[in-house]
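In: The following comprises the amino acid sequence and a computationally predicted model.
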Amino acid sequence: MSPPIDRAIVITGASTGIGAACAWHLDRLGFTVLAGVRRIEDGESLRAQGSARLQPMLLDVTDAGSIERARRQIAEQVGPRGLAGLVNNAGIAVAGPLEAVPIADLRRQLEVNVIGPVAVTQAFLPLLRKGRGRIVNMGSIAGRAAMPVMGPYSASKFALEALTDALRLEVQQWGIQVSIVEPGAIATPIWTKSGAKAEELESVTSEELKTLYAGVIAGVRTRVAEAAARAISPDAVSDAVVHALTASRPKTRYLVGRDAKVRALMIKLLSDRWSDRLMTWILKLPQ
């Protein structure tokens, strides 16, 4: 592990869940943590459980002005030392059958989970070059295997896998390591927010579409509820993030959680048709 003295790391989406867990973990290790939040009150709550090294700052990954203000503030603070790391964690989850998902919601999904990490990475790469820092993208097992009703979210995480692979090769010339973390079910507020959004979508969906997709939605809801009951702590993800940021030979991919590892094995061993049959049986999908 590299000495953390004067080593600064930027984390997006640090208000709650995985981002907050990563911020507190890195703070305890002695890093200067520049934690991006969207509301001042979220920053105050985050700071209350950290040391003076944990510094919340307003950062909206979908707002170019917000990104630029954060970049200037951080550049002034770290100076020629640059950054030791960037954790692209901010994300949302849009759920619903693709036929019913409003295009505006799909655009929002991609704007936050795909365009956002690219915009933030572009802004901070000069500082990462100075510090020979590392980049960690927060993916998901959904970025390897899509589920029905979770198409928008999975699409964003599949895209992040591709961006990570491309970026890893592009920046290796400066000694910058790039990794992606692929959690399974993690106990975070994102799924509560996603569920609320799904209910909102259902309220404006036509009765015809509700009827057509009732069986699919019911099967997925049951499975998601079961997964949520078994969800592991965000601390397991923060352990992987710390390893990616500090190990002498970080992994390019980190599967986190038993369910993620089982799903990855299914993808490796089964053809698409057999995987579809198995998921149809598990989710009790109509055929």
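Out: Good, I have the coordinates. The model shown is predicted, which means the values in this text are computed figures rather than measured ones.
In: now the strands for the protein?
Out: Along the chain, counting by DSSP state E, strands occupy 8-11, 32-37, 54-58, 85-88, 134-138, 177-183, 253-256.
In: Point out where the stretch 151-287 of the chain drops to low pLDDT.
Out: Where the stretch 151-287 of the chain drops to pLDDT under 70, the residues are 188-201, 203-204.
In: try the stretch 1-150 of the chain
Out: In the stretch 1-150 of the chain (pLDDT under 70), the answer is 1-6.
In: mind putting the strands of the chain in a markdown table, mean neighbour count included?
Out: Placement of C-beta: from N, CA and C, glycine included. Shown next, in a markdown table, are these (neighbours: other CB atoms under 10 Å):
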| stretch | mean neighbour count |
| --- | --- |
| strand 8-11 | 27 |
| strand 32-37 | 27 |
| strand 54-58 | 20 |
| strand 85-88 | 28 |
| strand 134-138 | 26 |
| strand 177-183 | 24 |
| strand 253-256 | 21 |
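In: Could you dump these into a markdown table and include distance to residue 107?
Out: Below are those laid out as a markdown table (distance: least, CB to CB, whole Å):
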| stretch | distance to residue 107 |
| --- | --- |
| strand 8-11 | 25 |
| strand 32-37 | 22 |
| strand 54-58 | 23 |
| strand 85-88 | 19 |
| strand 134-138 | 20 |
| strand 177-183 | 23 |
| strand 253-256 | 28 |
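In: so what's residue 174 up against?
Out: 129, 132 (CB atoms under 8 Å, 6 or more residues apart in numbering).
In: out of the strands of the chain, which comes closest to residue 145?
Out: Comparing the strands of the chain against residue 145 with CB to CB, the closest turns out to be strand 177-183 (10.2 Å).
In: which helices and strands sit right next to the closest one?
Out: On a contact count with 3 or more CB pairs under 8 Å, 6 or more residues apart in numbering; DSSP states H and E, strand 177-183 meets strand 134-138, helix 151-171, helix 235-246, strand 253-256, helix 258-269.
In: most tightly surrounded among these?
Out: strand 134-138 (a mean of 26; mean count of other CB atoms under 10 Å).
In: so how far is that one off the chain centroid?
Out: 10 Å (CA atoms, centre = their mean, to the nearest Å).
In: swap in stretch 18-27?
Out: Distance, centroid of stretch 18-27 to centroid of chain: 13 Å (CA atoms, centre = their mean).
In: C-alpha coordinates for it, CSV please?
Out: In CSV, the C-alpha atoms belonging to stretch 18-27 read as follows (Å, rounded to 0.1, in the frame of the first residue of the first chain):
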residue,chain,number,x,y,z
ILE,A,18,-21.1,2.8,-1.4
GLY,A,19,-19.7,6.3,-1.9
ALA,A,20,-20.0,7.2,1.8
ALA,A,21,-18.5,3.9,2.8
CYS,A,22,-15.5,4.4,0.5
ALA,A,23,-15.0,8.0,1.8
TRP,A,24,-15.0,6.9,5.5
HIS,A,25,-12.7,3.9,4.8
LEU,A,26,-10.1,6.0,2.9
ASP,A,27,-10.3,8.7,5.5
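In: Alright, I will stop here.
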